[in-house]
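In: after the sequence you'll find the predicted model.
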Amino acid sequence: MMKTLKKFYSGLLALTLALSLAACGEAASGGSDAPDAPDGGEEKPLVIGISQYGEHASLDNCRTGFLQGLEEAGLVEGVDYTIEYQNAGFDDNIATQIGATFSAMGVDLMAAIATPSATACFAAAEDKDIPVIFTAITDPVGANLDSGNITGTSDVLPVEGQLDLIRQLQPNAGTIGIVYTTSEANSVYSVGVYEEKAADYGFTIETVGVLEQSEVTQAVDTLLSKGVDCISNLTDNTVVGVLPAILEKTNEAGVPVYGSEIEQMKLGCVAGAGLDYIKLGVQTGQMAAKILRGEAACQDLPYEAIENYDLYINSEALDAMGLAIPGAVSANAIEVNE
């Protein structure tokens, strides 16, 4: 028994000495400043949950730009982060489920595209203090998304730029029609700005509110029956989703439709003072990179609006409506058909 104990303690002493020498050798060589992963392997990529409210070109561009912004900030997909992408199909209940799923997964950051997705993600992330970054939200303050562990970019519309553009293209126009979703905070806000600013440009605003997408084309019929001179389209997800059907009706009636971002002009709107959602997404992705790297918290990054808007024209659509392009517009506008 005594011999056995002596062998045990001799072995223990030898092992302790070997470990001490190994530690000294590592210290002498400088060691490693980076912490090891719990399993001794490499650090796992962070997980970004992207919740997109629905699928149309504008929101798709936000996602494309967001990923581009991460890349431009030096982050590499598969190395620094992975993406879990979910689409709500313009259904608020599904948007809520997506937020809950991301929360249960414990993603490292939620990226929400459009107000309903942002609201759902923020509610789901709050208990776990998961940072949320949003894009394509017109009025973050009105949506109560301007404080807490959340930030992002606003697509507030250049309403005065749009009113000025319509006045230049239609000098004799008096009434602008707008279809909007009454439950979409972005649209309610934008309609209020139109109504506030319209008189300064000699216009009155005629609006028809809808609750769901199936009501949109009927709302357009209502505006046409009231004799509006044109329609100005917002970045309303419900309305944009059926823009081709709207344009079919307005083209037949000879009433021009103005868009609010480049993709709407590509679909056939005559012109617009609007946004490039890829640029907005890039701006959002670069903000997200700072959060993922630990360089800033959401609370350190107030939400941002896109700095500049552009004038877009669709010459074919303008010609079809018999609208001439003034030199001042032509010199500063981007032709979407080129």
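Out: Arrived safely, thanks for sending. Just so it is clear, the structure is predicted and the values come from calculations on it, not from any experiment. Residues are numbered from 1 along each chain as shown.

In: the helix or strand containing Cys121: which residues count as buried?
Out: Assigned by DSSP states H and E, Cys121 falls within helix 115-125. Using 16 or more other Cβ atoms under 10 Å as the test for burial, helix 115-125 gives Thr115, Pro116, Ser117, Ala118, Thr119, Ala120, Cys121, Phe122, Ala124, Ala125. No exception for glycine: its C-beta is placed from N, CA and C like everyone else's.

In: can you show me the strands along the stretch 1-150 of the chain?
Out: Remark: strands assigned in the stretch 1-150 of the chain by DSSP state E, counting those that start in this stretch are 46-52, 81-87, 109-113, 132-137, 150-154.

In: in the helix or strand following the last one, what's buried?
Out: What that stands for is strand 150-154. As assigned by DSSP H and E, the chain's next helix or strand after strand 150-154 is helix 159-169. Of all the residues in helix 159-169, those buried under the rule 16+ other Cβ under 10 Å are Val159, Gln162, Leu163, Asp164, Leu165, Ile166, Leu169.

In: what about helix 159-169, average pLDDT?
Out: Mean pLDDT, computed over helix 159-169, is 97.

In: out of the buried residues of helix 159-169, the closest to Ile278 would be?
Out: Nearest to Ile278 among the buried residues of helix 159-169, counting by Cβ to Cβ, is Gln162 at 20.2 Å.

In: and the closest one, what is it in contact with?
Out: For Gln162, the contact set (Cβ atoms under 8 Å, 6 or more residues apart in numbering) comprises Ser232, Tyr258, Ser260, Gly272, Ala273, Gly274.

In: what about 10 Å?
Out: 176, 190, 193-194, 197, 201, 232-234, 258-260, 271-274, 309, 311 (Cβ atoms under 10 Å, 6 or more residues apart in numbering).

In: among these, which are located in strands?
Out: Mapping the contacts of Gln162 onto strands (DSSP state E) picks out Ile176, Ser232, Tyr258, Ala271, Gly272, Ala273, Gly274, Leu311.

In: before we move on, what SS does Glu295 have?
Out: Secondary structure, DSSP: H, G, I helix; E, B strand; the rest coil: Glu295 is coil.

In: so for stretch 65-74, mean pLDDT?
Out: Stretch 65-74 shows a mean pLDDT of 98.

In: residues in contact with it?
Out: Residues from elsewhere that reach stretch 65-74 (Cβ under 10 Å, 6+ apart): 48, 50, 52, 75-77, 80-81, 83, 85, 111, 113, 133, 135, 152-153, 276-290, 292-293, 295.

In: now do the buried residues in it.
Out: Gly65, Phe66, Leu67, Gln68, Gly69, Leu70, Ala73.

In: now the closest residue in space to Gly89 that isn't next to it in sequence: how far from Leu46?
Out: Counting by Cβ to Cβ, 6 or more residues apart in numbering, Gly54 is the residue found nearest to Gly89 once chain neighbours are left out, at 5.9 Å. Counting by Cβ to Cβ, to the nearest Å, the gap from Gly54 to Leu46 is 26 Å.

In: neighbour-wise, which of these two wins?
Out: Using other Cβ atoms under 10 Å, the more surrounded residue of Gly54 and Leu46 is Gly54, with 23 against 15.

In: which residues sit in contact with that one?
Out: By Cβ under 10 Å, 6+ apart, Gly54 lies in contact with 60, 87-91, 94-95, 113-114, 116-117, 213, 237-238, 240-241.

In: got the phi/psi numbers for Gln170?
Out: phi -130, psi 80 (degrees, to the nearest 10).

In: that one contacts Val228, correct?
Out: No. Using Cβ atoms under 10 Å, Gln170 makes no contact with Val228, being 11.2 Å away.

In: that older thread, dump the buried residues of helix 115-125 to JSON lines, plus distance to Asn186 and pLDDT.
Out: Converted to JSON lines, the buried residues of helix 115-125 look like this (distance: Cβ to Cβ, whole Å; pLDDT from 0 to 100):
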{"residue": "Thr115", "distance to Asn186": "6", "pLDDT": "93"}
{"residue": "Pro116", "distance to Asn186": "10", "pLDDT": "93"}
{"residue": "Ser117", "distance to Asn186": "12", "pLDDT": "97"}
{"residue": "Ala118", "distance to Asn186": "11", "pLDDT": "97"}
{"residue": "Thr119", "distance to Asn186": "11", "pLDDT": "96"}
{"residue": "Ala120", "distance to Asn186": "15", "pLDDT": "98"}
{"residue": "Cys121", "distance to Asn186": "16", "pLDDT": "98"}
{"residue": "Phe122", "distance to Asn186": "16", "pLDDT": "98"}
{"residue": "Ala124", "distance to Asn186": "21", "pLDDT": "97"}
{"residue": "Ala125", "distance to Asn186": "21", "pLDDT": "96"}
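
In: where's Thr217, which helix or strand?
Out: Remark: Thr217 resides in helix 216-225, with elements defined by DSSP H and E.

In: residue nearest the centroid of the chain?
Out: Nearest residue to the geometric centre of the chain (Cα atoms, centre = their mean): Thr135, 2.7 Å.

In: so which helix or strand of this protein has the lowest pLDDT on average?
Out: helix 2-29 (a mean of 36; mean pLDDT, DSSP states H and E).
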